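Visitor: Got a sequence here, can you model it:
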Amino acid sequence: MEITDLQKDLAATFRWTARLNMNEAVANHFSACIPGSSTNFYVNKSGIHFSQMKASDLILVTKDNIDELKKKPEIVDSTAINIHGNIHKKVPHAKCIFHVHSKYATALSTLKDPTLPPIDQNTMRFYNRVSLYNEYGGMGFEEESLKMATALGNKQNLLMANHGILTTGETVSDGFDALYYFEKSAETYITALSTGKELNIASHEVAEKTAQEWANYPSDLGRAHLDQIRLILDKEEPEYKS
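Guide: Below you'll find the predicted structure:
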């Protein structure tokens, strides 16, 4: 079967996430729906390190094989089937889903108040645009994943208390760009907190204006970001496309 650009894009994001040290061994999952579907999606095969992921390692989950795959965790991790399957199915805009336990986003998720305040241009991108799932109840099997889907609602991003971050997008580039900048934003915030100094928090008006400017930016920065990642990988790790 011919490998699609969707698979190549998704495989590239795994490789780059590993370079950024945002992955967790062979855990965590990324997924992307095939065009026109909310039930058929690619997700990473069990047991493969993000740095070794290839396009052909992505497993196509469909409404016809999902029940069988739930019985085969050696092929697709059970939490991936549940979290990604239920969110894709119940949240129409979540065509692509990126979930990691990255260092700074996870640190943020452990705070009693995990709100990300608008303290710089990157954090303002996420102002009032992150849902919070504050009822951690376990690893992310059926019941837990349904609660996550409900908590995400119409937002692009979901911070899961005591767990990590999940970003979504209409495209792979959208979802990955949000993941990248959320982690950078969380790093800035956690670093600022570590100084013990008072934070300079932007006003609601400025933060909202900046968030809207991010959303309406005249060029597709997310696509440009992923194109450059793929250009580097084409030279240094071309097997990601295989």
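
Visitor: When you work out contacts or count neighbours from here on, use the C-alpha atoms and nothing else.
Guide: Will do.

Visitor: Return the residues in contact with the closest residue to Tyr240 other than its chain neighbours.
Guide: Distances taken as Cα to Cα, 6 or more residues apart in numbering place Lys54 nearest to Tyr240, at 4.3 Å, with adjacent residues excluded. The contact partners of Lys54, by Cα atoms under 8 Å, 6 or more residues apart in numbering, come to 8, 11, 239-242.

Visitor: Swap in 7 Å and give it another go.
Guide: For Lys54, the contact set (Cα atoms under 7 Å, 6 or more residues apart in numbering) comprises 11, 239-242.

Visitor: Which parts of the protein are helices?
Guide: Using DSSP state H, the helices of the chain run over 5-19, 66-69, 78-90, 103-109, 121-125, 142-152, 172-194, 204-215, 221-236.

Visitor: of all those helices, which lies closest to Ser131?
Guide: helix 142-152 (5.6 Å; Cα to Cα).

Visitor: quick one: buried residues of that closest one?
Guide: Residues 144-149, 151-152 are the ones in helix 142-152 that count as buried (16 or more other Cα atoms under 10 Å).

Visitor: and what of stretch 104-117?
Guide: 104-109, 114-117.

Visitor: cool, stretch 202-217 as well?
Guide: 207-208, 210-211, 214.

Visitor: Please apply the same query to stretch 75-86.
Guide: Within stretch 75-86, the residues that count as buried by 16+ other Cα under 10 Å are 76-86.

Visitor: Adding pLDDT and distance to Met1, write the buried residues of helix 142-152 out as TSV.
Guide: Output for those, formatted as TSV (pLDDT from 0 to 100; distance: Cα to Cα, whole Å):
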residue	pLDDT	distance to Met1
Glu144	85	35
Ser145	88	31
Leu146	91	33
Lys147	92	36
Met148	93	34
Ala149	94	32
Ala151	96	37
Leu152	97	34
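
Visitor: Including distance to Asn40, could those residues go into a markdown table?
Guide: Converted to a markdown table, those look like this (distance: Cα to Cα, whole Å):
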| residue | distance to Asn40 |
| --- | --- |
| Glu144 | 21 |
| Ser145 | 17 |
| Leu146 | 18 |
| Lys147 | 21 |
| Met148 | 19 |
| Ala149 | 17 |
| Ala151 | 22 |
| Leu152 | 20 |
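
Visitor: Can you tell me the closest non-neighbouring residue to the residue sitting nearest the centre point of the chain?
Guide: Among the residues of the chain, the one closest to the centroid is Phe98, at 2.2 Å (Cα atoms, centre = their mean). Leaving aside its chain neighbours, Phe98 sits nearest to Phe30 (4.5 Å; criterion: Cα to Cα, 6+ apart).

Visitor: ok, the one you found - contacts?
Guide: 43-44, 97-99.

Visitor: ok, Thr4 - how many residues close by?
Guide: Neighbour count of Thr4, defined by other Cα atoms under 10 Å: 12.

Visitor: Relative to Val61, how far out is it?
Guide: Using Cα to Cα, to the nearest Å, Thr4 is found at 15 Å from Val61.

Visitor: for the protein, what are the low-confidence residue spans?
Guide: 139-140 (pLDDT under 70).

Visitor: Try it again at 90.
Guide: Within the chain, the set of residues satisfying pLDDT under 90 comprises 1, 78-79, 135-145, 218-219.

Visitor: Quickly list what Ala32 is bridged to.
Guide: Judged by DSSP bridges, the bridge partners of Ala32 are Tyr42, Cys96.
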